[in-house]
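# kindly return the folded structure for what I paste below:
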Amino acid sequence: MTVPRGCLLLAAFAAISLCVVHLRGEQTRCASRLLAIESQWVHLRRDLWSLHTRVARLRAPGRVRDRVATFQTGLLPPGVRNATPRPERLALRRN
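Numbering: from 1, shown residues only. The predicted model follows:
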């Protein structure tokens, strides 16, 4: 083997080694980003679930009645005139 061929072979091995090291580093960075995105996804799913449960609690009939009783505004639906409020509607909010 001649010296130029040996140098060329050594340069080829060095280039391949650098490519392998670069690709391995990029693979590690991508795995780290993927883990961060999965963690963010879990947090978002937890937040979504808590919002769903909060909306479900607020939509419960008892809670709706309690909020209506708490925020008595005296407003009447369209078509109803001079209706007298019932005493149970004026009750304070139950805990």
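
# C19 versus T28, what's the distance?
Distance check for T28 against C19: by C-beta to C-beta, to the nearest Å, it reads 15 Å. C-beta: built from backbone N, CA, C; applies to glycine.

# again, but for T73
With C-beta to C-beta as the criterion, T73 and C19 are 72 Å apart.

# who has more neighbours out of these two?
Neighbours per residue, other C-beta atoms under 10 Å: of T73 and C19, the larger number sits with C19, 10 against 6.

# roughly how far apart are that one and R29?
Taking C-beta to C-beta, one finds C19 at 16 Å from R29.

# residue ranges with poor pLDDT in this structure?
74-95 (pLDDT under 70).

# distance from the chain centre to the longest helix seen in the chain, please.
What stands out as the longest helix in the chain, according to DSSP state H, is helix 3-59. Counting by C-alpha atoms, centre = their mean, to the nearest Å, helix 3-59 is centred 20 Å from the centre of its parent chain.

# now do the next helix or strand after that helix: distance to the chain's middle.
For helix 3-59, the following helix or strand on the C-terminal side (DSSP states H and E) is helix 61-70. Its chain's C-alpha centre and that of helix 61-70 lie 29 Å apart, by C-alpha atoms, centre = their mean.
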